[in-house]
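J.: no sequence on this one, just coordinates:
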């Protein structure tokens, strides 16, 4: 199993552009999480899904951020329009679901907004 | 509100010296507590969780409810322990919202 897959691994874009980050969770996992990692704030939970349904999006910084999970094997995190302060590493993680707490992380997407 | 505090951003120790990575939490109730580790060029991964009461790679962590702490300890540091360590907290059962601390970078000096 390749584990959680994220694409792209690196993204450089200009301010104002739309950015879409993608995640494929581990097959059979029912929960999916999006995190943002920065030097100043560490690892922050943005949103998570249980059985494809968004449960808590209180960590989403503002309306420029949106996330979807159209099916059990795919999720996207979109930033529109992007700003330089969005530069960070974005991680996706998945877990089996209720009763199992270990999260399996993807390799992350390093986003740079210039 | 649940909160995790890791007071040290960087901890440098010599090889063979004891290691203690501090973690304090704020949560009304009995949370689940974890340590995650990220080695250079590797994915963030679970190191240990308090309910397992196990030792992984020589590391242990004891939950102290009175002090609301979950410090990570190892008696003798090894160079391969150099990594980023995150303490994390989750409510028991239910929706698994995990709150991570800011992380501590452990640097083991040869």
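T.: Perfect, thanks for sending it. For clarity, every value in this text was computed on a predicted model and none was experimentally measured.
J.: show me where pLDDT drops low in chain A?
T.: Filtered on pLDDT under 70, chain A yields the residue ranges A:1, A:98-100.
J.: 50 - rerun?
T.: Regions of chain A meeting the criterion pLDDT under 50 are absent.
J.: taking it, what residue is nearest to chain B?
T.: As assessed by CB to the nearest CB, chain B sits closest to residue A:42 within chain A, at 3.4 Å. To be clear about C-beta, it is placed using only N, CA and C from the backbone, and glycine gets the same treatment.
J.: tell me what the one residue sitting closest to the centre of chain A is bridged to.
T.: Taking CA atoms, centre = their mean, the centroid of chain A lies closest to residue A:34, which sits 3.2 Å from it. Note on residue A:34: beta-bridge partners residue A:47, residue A:92, judged by DSSP bridges.
J.: list the contacts of it.
T.: With contact set as CB atoms under 8 Å, 6 or more residues apart in numbering or on different chains, residue A:34 has these partners: A:23, A:45, A:46, A:47, A:48, A:67, A:75, A:77, A:90, A:91, A:92.
J.: contacting residues for the residue in chain B that chain A sits nearest to?
T.: Closest contact between chain B and chain A, by CB to the nearest CB, is at residue B:102 (3.4 Å). Residues in contact with residue B:102 (CB under 8 Å, 6+ apart) are A:41, A:42, A:43, B:6, B:9.
J.: over to residue A:111?
T.: Counting by CB under 8 Å, 6+ apart, the residues that residue A:111 touches are A:11, A:13, A:19, A:21, A:79, A:82, A:86, A:87, A:88, A:89, A:90.
J.: so how far is residue B:73 from the nearest residue to the third one once chain neighbours are set aside?
T.: Once its chain neighbours are removed from consideration, residue A:19 has its nearest residue in residue A:79; the separation is 4.5 Å (CB to CB, 6 or more residues apart in numbering or on different chains). Distance check for residue A:79 against residue B:73: by CB to CB, to the nearest Å, it reads 40 Å.
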